[in-house]
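> build me a structure from this.
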Amino acid sequence: MAAPLLSITMLGILIRDSGVVALEYVLVGNVVLALMFENQNKVSSNFAYMRAKGTLRFVATLPVYKSALIVATVIAFLLLALPAVVVTIAAGSRILGVALAPSPWVLLVVPLCAIPLASIGALVGSMARTPEEAGSVSLLLTLLLLSLGPVLVPPERLPEALNLAGYASPATYAASALRQVLLGPVSGRLALDLGVLAGLSVAVLWFVERRLRWRVG
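Predicted coordinates for the structure are as follows:
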């Protein structure tokens, strides 16, 4: 929670005279950052820790499906992330002086933004050899996804190469969806954003389920 608020404060000072749009991008980009820290990074560390401590081997002896464990972990960290997200939105809007215009769609958008990020964290954690490696890789991915596409910075201020690369980043679609439901207006782009996020969630969760070693000798 501290990192997004610190980022909002520092960037807000630097771009105070850059216009409302730039401030809106800073706010929403840091909401995405909060989701990454609270979901992607923590889910990654959790799976890596369970592997290192033998918890996965123990759970494998129980009548539990891999998919149930993965989905339950993702949902648990999503719920734990909500206070940090709410504080980032509320405090960030006051710090930056950005007016909120929340849509009821926010209740659907926030989970659909968080789940693919948590799924990526589960993938990293299931493949990392140690919790330390999982933490390093997840942090690197966080920085990479934030830098690709118009997440923290408006597209007209980015090189075209980064704008194009952003189409491959879930953070781009999460930021676009959050801008619409937090600041308005909601447009047809929201359906595309949610479709991509939902599809990515299913694909990554399926891959994690296939990749996670389970009941092996």
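> select the longest helix from this protein.
For the chain, the helix with the greatest residue count under DSSP state H is helix 66-96.
> which element follows it toward the C-terminus?
helix 106-127 (DSSP states H and E).
> who's in contact with the helix or strand following that next one?
Going down the chain from helix 106-127, the next helix or strand is helix 131-147, by DSSP H and E. If you take Cβ atoms under 8 Å, 6 or more residues apart in numbering as the criterion, helix 131-147 is touched by 29, 32-33, 36-37, 40-41, 44-45, 47-49, 52, 120-121, 124-125, 128, 151-152, 162, 169-171. In short, each C-beta sits where N, CA and C put it, glycine included.
> what's the burial count for residue 94?
The number of residues packed around residue 94, counting by other Cβ atoms under 10 Å, is 11.
> ugh, wrong one, I meant residue 16
Using other Cβ under 10 Å as the criterion, residue 16 is surrounded by 12 other residues.
> now residue 156
Neighbour count of residue 156, defined by other Cβ under 10 Å: 8.
> just residue 169 next, same as before
19.
> show me what counts as buried in stretch 44-59.
Applying a neighbour-count criterion of 16 or more other Cβ atoms under 10 Å, the buried positions in stretch 44-59 are 44, 45, 46, 47, 48, 50, 51, 56.
> isn't the second one up against residue 125?
Just to be clear, that refers to residue 45. Yes - with contact defined as Cβ atoms under 8 Å, residue 45 and residue 125 form a contacting pair (6.6 Å).
> show me what the lowest-mean-pLDDT helix or strand in the chain is packed up against.
Evaluated with mean pLDDT, DSSP states H and E, the helix-and-strand set of the chain has its lowest mean pLDDT in helix 55-60, which scores a mean of 83. Contact analysis of helix 55-60 by 3 or more Cβ pairs under 8 Å, 6 or more residues apart in numbering; DSSP states H and E lists helix 42-53 as its packing neighbours.
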